[in-house]
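S.K.: Here is my input; please provide its structure:
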Amino acid sequence: MLRCTLLLLLLLSTLTAGQIRVSPDGQPASVKAAINLAQPGDTVFVEAGIYRESDIEVFKPLTLIGLGRPVIDADNQGSLFKVAADNVTIRGFDLINVPLSYTRENAAVYTSKIDSFTFEDLHLKNIFFGFHIEKSNNGIIRNNRISGNAVAEISSGNGIHLWHSNRIRVEDNLISGMRDGIYLEFTRHSILTGNESRHNVRYGLHFMFSNDDRYENNLFEQNGAGVAVMFSKKIYMKRNTFRLNWGTASYGLLLKEITDLEVIENLFEENTIGINADGSNRVHYEHNTFSGNGWAVRFIGACYGNKFVGNNFLNNALEISYKGSVNGNFFDRNYWSSYSGYDLNHDHIGDVPYRPVKLFSYIVNDTPETIVLLRSLFVDLINFSEKVSPVFTPDNLKDMNPMMEPMIRSK
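M.R.: Presented below is the predicted three-dimensional model:
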């Protein structure tokens, strides 16, 4: 009986939902006016044209659809959409010219305390913040293009900014020219997939205090400092690409105070540091590829219970870097391009264990300028002497089963 009643109510709401059409020379001629006229559940169609409006408040459940990519121009006056109702969809607009403010977080789309929303197929240009999502749940941010003109951190906002928001799906967005491409704080049970975050001033992705989240099939390329994962736990990162993050303070991925992280089938390619780990524990690294980085993995301190299984380390200047001489991590069945051992029984596993930590990495940690000696005979001699009789490097840090061939990434 209850199910029949709910179906009847849904049918009635569908039959009674209305449509309103907005055009530059029609009535209504503005998005604000159409929202005021609309009833909860209505669909507002906005025809192609330029609408100079700002601080458009969506205070009832509505679907707003742009036809032919209408442009809504804030004209540097404030935010564009301010969504304060549940069950809102915004699709198919160009949103431009949201101004910088040091007192207000102006955004192309701003939400506060709402539930069940979809923002998709939007092109955001010359904006301070792109999507600023605050204390909102069960949302989708999909297939948007976000571009800013960020020059410095202090004067720029984030492309997608989630704060105290849960169960958000962020997928297939292109983001560039912002402070952080994607920023999450106190955000749980959310999924980021298929996004491309490039050329942002600070991080391609930055999240803190955000647990139980998944990041899959994203590209983070040529961002100021790479990607930062901080003060979080129970994170799953699979098939992401961290590429070309170069600079004195750059890395593919920074892990700071992290526990219970799965890093699976990711590519770390041509970064200053592939992974920079500080206080990261119980992290499982499997089937990742570290290729052409300065450091593949750099442990700063207090990193224990981490497992590296079945990874490829290809032509990195330094493979594993430690600060101390105590190892609390496990390495097994990884491929190391600098391994020079042999395989007499032809089982594709090296017969001699491999020690990935070189003495020279300690010297570079203390005196970065010595990196210019990397390919010198002097470095070969000190590394060989440490290999024969370890004094400074962790004696038990070995891959007992180094692979003779690279691991092939599964399809």
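
S.K.: Residue 154 in helix, strand or coil?
M.R.: At residue 154 the chain is in helix, as set by DSSP: H, G, I helix; E, B strand; the rest coil.

S.K.: Sorry, wrong one. I was asking about residue 339.
M.R.: Going by three-state DSSP: residue 339 is coil.

S.K.: Does residue 298 touch residue 277 like I think?
M.R.: Yes - the pair residue 298 / residue 277 is scored as a contact, 6.9 Å apart, by Cβ atoms under 8 Å. Every C-beta, even on glycine, is put in place using the N, C-alpha and C of the backbone.

S.K.: Quick one: end-to-end length of stretch 99-117, please.
M.R.: Start-to-end span of stretch 99-117 (Cα to Cα, to the nearest Å) is 24 Å.

S.K.: What residues of that stretch count as buried?
M.R.: 99-100, 106-111, 114, 116-117 (16 or more other Cβ atoms under 10 Å).

S.K.: could you point out where the stretch 301-411 of the chain is predicted with low confidence?
M.R.: 324-325, 359-393, 409-411 (pLDDT under 70).

S.K.: can you pull out the helices in it?
M.R.: 359-366, 377-388 (DSSP state H, counting those that start in this stretch).

S.K.: mind listing what residue 222 touches?
M.R.: Residue 222 sits next to 198-199, 243-246 when contact means Cβ atoms under 8 Å, 6 or more residues apart in numbering.

S.K.: Now with 10 Å, please.
M.R.: 176, 197-200, 204, 243-246, 250, 270 (Cβ atoms under 10 Å, 6 or more residues apart in numbering).

S.K.: Please apply the same query to residue 184.
M.R.: 133, 158, 160-163, 165, 168, 170, 190, 192, 205-210, 213, 215, 229, 232.

S.K.: Just the pLDDT for the residue nearest the centre of the chain.
M.R.: Among the residues of the chain, the one closest to the centroid is residue 205, at 3.4 Å (Cα atoms, centre = their mean). We have a pLDDT of 98 for residue 205.

S.K.: repeat for residue 9
M.R.: 43.

S.K.: now do residue 94
M.R.: Predicted confidence (pLDDT) for residue 94: 98.

S.K.: any idea how far it lies from residue 105?
M.R.: 21 Å (Cβ to Cβ, to the nearest Å).

S.K.: just residue 248 next, same as before
M.R.: Residue 248 is 30 Å from residue 105, where distance means Cβ to Cβ.

S.K.: Alpha carbons only: can I get stretch 296-312 in CSV?
M.R.: Output in CSV follows, covering the C-alpha atoms of stretch 296-312 (Å, rounded to 0.1, in the frame of the first residue of the first chain):
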residue,chain,number,x,y,z
ALA,A,296,60.9,7.2,-6.9
VAL,A,297,59.9,7.0,-3.2
ARG,A,298,61.3,9.2,-0.5
PHE,A,299,60.6,8.4,3.2
ILE,A,300,61.0,11.4,5.4
GLY,A,301,60.3,9.7,8.7
ALA,A,302,57.9,7.6,10.9
CYS,A,303,56.8,5.4,8.0
TYR,A,304,56.1,1.8,9.1
GLY,A,305,54.1,-1.2,8.0
ASN,A,306,54.2,-0.2,4.3
LYS,A,307,54.3,-3.0,1.7
PHE,A,308,55.7,-2.7,-1.8
VAL,A,309,54.7,-5.7,-3.9
GLY,A,310,54.9,-6.1,-7.7
ASN,A,311,55.9,-2.5,-8.6
ASN,A,312,58.1,-1.4,-11.4
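
S.K.: Now residue 32: which helix or strand?
M.R.: Under the criterion of DSSP states H and E, residue 32 resides in helix 31-37.

S.K.: Report all helices and strands that the following helix or strand past that helix contacts.
M.R.: The element immediately downstream of helix 31-37 (helix or strand, assigned by DSSP H and E) is strand 43-46. Strand 43-46 is packed against strand 19-22, helix 31-37, strand 63-66, with contacts defined by 3 or more Cβ pairs under 10 Å, 6 or more residues apart in numbering; DSSP states H and E.

S.K.: looking at the ones you listed, which is buried most?
M.R.: Sort the helices and strands packed on strand 43-46 by mean neighbour count, taking mean count of other Cβ atoms under 10 Å, and strand 63-66 sits at the top with a mean of 22.

S.K.: hmm, who's touching that strand?
M.R.: Residues from elsewhere that reach strand 63-66, judged by Cβ under 10 Å, 6+ apart: 17, 19-20, 22, 31, 34-35, 38, 41-49, 51, 56, 58, 72, 81, 83, 87-95, 118-119, 121-123.

S.K.: Among those, name the buried ones.
M.R.: By neighbour count, with 16+ other Cβ under 10 Å, the contacts of strand 63-66 hold 17, 20, 22, 31, 34-35, 38, 42, 44-46, 49, 51, 56, 58, 72, 81, 83, 87-95, 118-119, 121-123 as buried.

S.K.: about what we covered before: what about the contacts of residue 184, which are in strands?
M.R.: Those of the contacts of residue 184 mapping onto strands are 133, 160-163, 168, 170, 192, 205-208, 215, 229, 232, per DSSP state E.

S.K.: Among the residues you listed, name the buried ones.
M.R.: 133, 160-163, 168, 170, 192, 205-208, 215, 229, 232.

S.K.: between the residues you listed, which is nearest residue 394?
M.R.: residue 229 (24.7 Å; Cβ to Cβ).

S.K.: Look up the closest residue to that closest one, ignoring the ones flanking it.
M.R.: Leaving aside its sequence neighbours, residue 229 sits nearest to residue 255 (Cβ to Cβ, 6 or more residues apart in numbering; 5.4 Å).

S.K.: which SSE is the one you found in?
M.R.: strand 253-264.

S.K.: Can you list the strands that the next helix or strand after that strand pairs with?
M.R.: Note on strand 253-264: by DSSP H and E, the next helix or strand toward the C-terminus is strand 267-269. Note on strand 267-269: by DSSP bridges, its sheet partners are strand 241-243 (parallel), strand 289-291 (parallel).
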